[in-house]
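Colleague: sequence and predicted structure are below.
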Amino acid sequence: MDLPGGSAPSGVDTSVPTPRSADGMEAGARHMSADEFRHWGHLAVDWIAAYWEGLPDRPVTPPVTPGQIADRLPPQAPATGEEFESLLEDFDRLIVPGLAHWQHPGFLGFFPMTTSGPAVLAQMLTAGLNTQGMTWATSPAATELEQRVMDWLADLMGLPDRFGGGGVIQDTASSAMVVALAAALWRRAGDRWRDHGSGSRYTVYTSTEANCSALKAARLCGLGDLQLRHLDVDPHTRALRPDGLRRAIEADLSAGLVPVAVIATIGTTSTTAIDPLPAIGDICRDHDLWLHVDGAYAGVAAICREMRWINSGLEHADSYSVNTHKWLLTGFECSPMWFADPTVVTQALNTAPSYLRDVTDDARKAPDYRDWQVPLGHPFRALKLWFTLRWYGAEGLRAHLRQGIEHARLFAEMVRGDERFEVAAPHPFGLVCFRLRADDAANALLLRRLNATGDLFLSSTEVAGRFTLRLAAGGTATTEDHIRHAWDRIRTEATDLGQGG
């Protein structure tokens with residue numbers, strides 16, 4: 001057998017055995033039949049439904065140590081196929097007990113990673129289709145549905161008209177940052193920013209509270225860590241200071257550097273601070289800088305009309321991204337992103353290889369989403385967003401978002417009512433940062449004890465240099481009773497630590 005690109009090394013057996021059935025006849029891979037798929041598919045759906053129903057009875061996080069799960073798995077893949085019953089049994093016996101249960105109503109440590117029945121069923125349908133929407137021609141309906149639901153969502157959120165028709169669904173907001181920064185560099189310098197040595201001239205600006213994916217985006221776009229300027233925030237609002245931004249830009253210009261972009265945030269990861277977009281937008285306009293706004297967690301709150309104030313200044317943005325898989329019930333990964341001028345990003349990312357030219361339609365008629373993102377392949381994510389928007393409707397989504405905001409308000413009220421604790425930062429959305437009025441060691445011990453109970457899971461951050469606990473409401477199954485139970489557990493553990501009561 002000849003191998004592509006040359007011969008095999010001497011002594012290597014390159015013969016391919018012909019698969020044979022038990023009676024010696026030639027056989028192929030054993031695919032699951034339609035009837036088998038129906039049977040096991042029904043059981044898999046039943047398993048998911050039972051899992052959701054039984055989540056409150058499970059520990060939120062698993063009592064396992066590193067390597068414990070891997071040690072229970074075989075060191076090699078099986079030589080012959082196994083029955084699906086065995087797969088499902090081992091999944092339930094070996095894997096599920098070692099998972100952190102993000103859909104648990106007591107999972108309150110990170111921003112919610114919500115899903116829902118319609119989203120999961122849509123995901124099942126897309127898995128069955130397994131379509132690839134890299135160009136309009138490779139999956140016309142997938143492309144056009146994505147265009148339409150992105151406009152639906154922009155309308156629901158009250159986004160500026162400049163984003164109409166400029167939407168794409170990325171996997172995460174981290175990828176959205178990479179794409180935005182690549183577009184910004186392209187607009188500033190075209191191909192020249194990739195020239196050897198020229199990348200060291202460009203600077204990007206964000207706050208010390210920005211998500212760490214900003215640094216990853218800068219690295220992936222060829223910029224050094226020091227070329228991403230992390231600027232100080234206001235000590236009270238935790239938001240980027242426009243005066244500091246202007247000074248940093250002017251200093252870099254005086255040094256012969258080339259400012260390119262600002263990454264601002266609506267709802268920072270640490271405390272959900274909101275950067276002052278109107279003032280930042282004015283600075284970006286004055287210096288012709290690309291403004292990317294990261295609304296990964298909090299941006300969807302604008303679906304509630306009373307929260308539309310968070311959109312102030314978005315009319316200055318060149319790109320904007322949110323994660324509907326966090327708070328909007330669509331399941332992971334679904335990160336809508338909008339461009340004011342999509343032609344910039346398609347120019348920056350288009351490669352037009354010969355093997356795709358016959359399946360690339362005129363982009364003036366329909367987008368080829370391969371040019372709007374980092375990967376070539378584009379999954380059919382729009383279907384689960386479409387199903388979710390239609391199942392819940394605008395009012396259902398607003399009800400879910402308002403419930404998370406109300407739960408956070410209630411929790412903060414209870415914290416303020418106990419003199420042993422303090423709220424550490426503003427909480428306009430579903431996250432509350434709080435701490436004992438004690439040293440960092442006591443707060444860290446409190447967190448460890450809480451997470452060891454199995455009843456709930458919280459996380460931590462630093463606010464003004466102090467160890468601070470975080471409770472994030474808004475999960476699909478989280479109710480007021482779960483928030484009150486979490487507070488009771490927090491108070492009890494604090495008392496057991498000798499913090500009064």
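Modeller: Yep, it's here. Numbering: from 1, shown residues only.
Colleague: can you pull the phi/psi pair for Ala214?
Modeller: Torsion angles at Ala214 (phi, psi; degrees, to the nearest 10) stand at phi -60, psi -40.
Colleague: measure the residue most central in space within the chain to Trp372 for me?
Modeller: Geometric centre of the chain, nearest residue: Thr172, 4.1 Å, by C-alpha atoms, centre = their mean. Distance from Thr172 to Trp372, counting by C-beta to C-beta, to the nearest Å: 15 Å. In short, each C-beta sits where N, CA and C put it, glycine included.
Colleague: now do the strands in the stretch 101-250 of the chain.
Modeller: Per DSSP state E, counting those that start in this stretch, the stretch 101-250 of the chain has strands spanning 167-170, 202-207, 228-231. These are given in chain order.
Colleague: and Gln123, how many neighbours?
Modeller: Neighbourhood size, Gln123 [other C-beta atoms under 10 Å]: 21.
Colleague: please work out how many residues are found near the closest residue to it other than its chain neighbours.
Modeller: Distances taken as C-beta to C-beta, 6 or more residues apart in numbering place Lys384 nearest to Gln123, at 5.5 Å, with adjacent residues excluded. The number of residues packed near Lys384 is 30, by other C-beta under 10 Å.
Colleague: buried ones in the helix ranked longest in the chain?
Modeller: Identified as the longest helix of the chain according to DSSP state H is helix 382-416. Within helix 382-416, the residues scored as buried using 16 or more other C-beta atoms under 10 Å are 382-389, 391-392, 397-398, 400-401, 403-405, 407-408, 410-412, 414-415.
Colleague: quick check: mean pLDDT across stretch 91-101?
Modeller: For stretch 91-101, mean pLDDT rounds to 95.
Colleague: please state the offset of it from the chain centre?
Modeller: With C-alpha atoms, centre = their mean, to the nearest Å as the basis, stretch 91-101 stands 23 Å off its chain's centre.
Colleague: kindly report the same for stretch 439-454.
Modeller: Put simply, stretch 439-454 sits 27 Å off its chain's centre (C-alpha atoms, centre = their mean).
Colleague: same question for stretch 276-295.
Modeller: Put simply, stretch 276-295 sits 23 Å off its chain's centre (C-alpha atoms, centre = their mean).
Colleague: return the set of buried residues in it.
Modeller: Across stretch 276-295, burial judged by 16+ other C-beta under 10 Å covers 276-277, 279-281, 283-284, 287, 289-295.
Colleague: just the ones of the residues you listed in helices?
Modeller: The members of those that map onto helices under DSSP H are Leu277, Ala279, Ile280, Gly281, Ile283, Cys284, His287.
Colleague: what's in contact with stretch 206-222?
Modeller: 172-174, 177-178, 180-182, 185, 193-194, 199, 204, 224-225, 227-233, 238-240, 262-265, 268-271, 273, 275, 294, 296 (C-beta atoms under 8 Å, 6 or more residues apart in numbering).
Colleague: from the residues you listed, list just the buried residues.
Modeller: Taking 16+ other C-beta under 10 Å as the criterion, what is buried in the contacts of stretch 206-222 is 172-174, 177-178, 180-182, 185, 193, 199, 204, 227-231, 233, 238-240, 262-265, 268-271, 273, 275, 294, 296.
Colleague: relative to Arg491, how far out is Glu422?
Modeller: In this view, Glu422 and Arg491 are 14 Å apart by C-beta to C-beta.
Colleague: which of those two has more neighbours?
Modeller: Counted by other C-beta under 10 Å, Glu422 and Arg491 do not tie: Arg491 has more neighbours, with 17 against 14.
Colleague: quick one, phi/psi of Pro375?
Modeller: phi -70, psi 160.
Colleague: hang on, Thr271 in a strand?
Modeller: No: under DSSP: H, G, I helix; E, B strand; the rest coil, Thr271 sits outside any strand and is assigned coil.
Colleague: quick one: contacts for it?
Modeller: Glu209, Arg238, Ala424, Ala425, Pro426, Leu431, Cys433, Thr461, Val463.
Colleague: now, which of the residues you listed sits nearest Thr143?
Modeller: Nearest to Thr143 out of those is Leu431 (C-beta to C-beta; 35.2 Å).
Colleague: I'd guessed that closest one sits against Leu471; true?
Modeller: Yes: with contact defined as C-beta atoms under 8 Å, Leu431 counts as touching Leu471 (7.2 Å).
Colleague: of those two, who's got more company?
Modeller: Shown here are Leu431 and Leu471; by other C-beta under 10 Å, Leu431 has more neighbours (31 against 26).
Colleague: what residues does the more buried one make contact with?
Modeller: Contacts of Leu431 (C-beta under 8 Å, 6+ apart): Phe111, Thr271, Thr272, Tyr297, Ala408, Arg470, Leu471, Ala472, Ala473.
Colleague: please name the bridge partners of it.
Modeller: Beta-bridge pairing for Leu431 (DSSP bridges): Ala472.
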